[in-house]
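Peer 1: Have a look at this fold, sequence not included:
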């Protein structure tokens, strides 16, 4: 077994991926405060918002206000999701360090969600990627439904690699492999990441695992064994899974940090401050944190 990485970078996606499906409008000030608390806890990669049509994602209609209101901390990189050139152009005023584009590894998912095939969907990103790189802004992609699809079921490693190649072809610089519905298991996760690593260097490959079936930590550990050292996580486990009613979505940042601390892998994140941030945003949303570690540490504090 290969030694585990000495250090892992966590990309905090709670402010964007975690909050975007909340049905109740969340004030921009709350989103800005969440980013601030995450920065103070030691997160150095934060996906802050999404420049999408408010018609389709009303929760992200305040993207410009959020980016304008965030106090930039030295050493922190701020990314935003921009699904088209209009979104990218709107994002420029917020000075993002990185933009995110996405494409499904499942043809069925692509057709059902955006009414076009995979190749056409990714080709639409070409002008976005070119514009970003002209501006010196890094481009990260997410390959969604890489370990399973709610419509077609199984997704093969060959299907994942097809999308990885297409993303590389339009100039994307970093490739994230996403288990959007949380059905993947460790060997499956490794097989998908191996395909990404054929086309992108180790430093530019990451994993994004949902915990719908309780497999996220196991999948992350399996990827650590491969040397992968960048993962998306969401404070308090924010973000449900729209294809599995009542199920959890993004793996909780607290749970991942606790595991990495136990493995002796550095993250630079203060778990107590992180738990505080998770408890705060969960309170703002009117529910307890999904994070098991967050709940356990809060309960331990209460008993002292």
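Peer 2: Sure, I can see it. Remember, it's a predicted structure, so these values are computed and weren't measured experimentally.
Peer 1: where do the helices sit along the stretch 201-304 of the chain?
Peer 2: Secondary structure of the stretch 201-304 of the chain, counting by DSSP state H, counting those that start in this stretch: helices at 216-224, 253-263, 271-285, 292-303.
Peer 1: could you give the angle of the longest one to helix 292-303?
Peer 2: Here helix 271-285 runs at an angle of 100 degrees relative to helix 292-303 (axes from the mean of the first three to the mean of the last three CA atoms, to 10 degrees).
Peer 1: between the helices of the stretch 201-304 of the chain, which gets nearest to residue 40?
Peer 2: Of all the helices of the stretch 201-304 of the chain, it is helix 271-285 that lies closest to residue 40, at 6.0 Å by CB to CB. C-beta here means a position set from N, CA and C on the backbone, and glycine is covered the same way.
Peer 1: same question for that closest one, mean pLDDT?
Peer 2: The average pLDDT within helix 271-285 is 98.
Peer 1: which secondary structure elements does that helix contact?
Peer 2: helix 28-40, helix 253-263, helix 292-303 (3 or more CB pairs under 8 Å, 6 or more residues apart in numbering; DSSP states H and E).
Peer 1: quick check, residue 177 in a strand?
Peer 2: Yes: Residue 177 forms part of a strand when assessed by DSSP: H, G, I helix; E, B strand; the rest coil.
Peer 1: Make JSON lines out of the helices and strands packed on helix 271-285 and add distance to residue 223 and mean neighbour count.
Peer 2: JSON lines is the format used below for these (distance: least, CB to CB, whole Å; neighbours: other CB atoms under 10 Å):
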{"stretch": "helix 28-40", "distance to residue 223": "23", "mean neighbour count": "20"}
{"stretch": "helix 253-263", "distance to residue 223": "11", "mean neighbour count": "21"}
{"stretch": "helix 292-303", "distance to residue 223": "19", "mean neighbour count": "15"}
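Peer 1: Skipping adjacent residues, who's closest to residue 233 in space?
Peer 2: Among residues not flanking residue 233 along the chain, residue 253 sits closest, at 4.0 Å (CB to CB, 6 or more residues apart in numbering).
Peer 1: Equivalent analysis for residue 39, please.
Peer 2: residue 73 (4.7 Å).
Peer 1: got it, and residue 123?
Peer 2: Using CB to CB, 6+ apart, the closest residue to residue 123 is residue 170 (7.3 Å).
Peer 1: Would you agree that neighbour is in contact with residue 126?
Peer 2: Yes: when contacts are counted by CB atoms under 8 Å, residue 170 is listed as touching residue 126 (4.6 Å).
Peer 1: Checking residue 10 next. Helix, strand or coil?
Peer 2: With three-state DSSP as the basis, residue 10 sits in strand.
Peer 1: The residue lying closest to it once chain neighbours are set aside bridge partners, please.
Peer 2: Excluding the flanking residues, the one nearest residue 10 by CB to CB, 6+ apart is residue 233, at 5.0 Å. Here residue 233 sits in beta bridges with residue 12, as judged by DSSP bridges.
Peer 1: Now do the same contact list for residue 233.
Peer 2: 10-13, 250-253, 256 (CB atoms under 8 Å, 6 or more residues apart in numbering).
Peer 1: ranges for the strands of the chain?
Peer 2: With strands called from DSSP state E, the chain shows them at 9-12, 45-50, 77-81, 98-104, 138-144, 174-179, 205-209, 230-233.
Peer 1: Tell me what angle the helix or strand bottoming out on mean pLDDT in the chain forms with strand 138-144.
Peer 2: The helix or strand of the chain with the poorest confidence is helix 107-114; it has a mean of 87 (mean pLDDT, DSSP states H and E). Here helix 107-114 runs at an angle of 110 degrees relative to strand 138-144 (the same axes, to 10 degrees).
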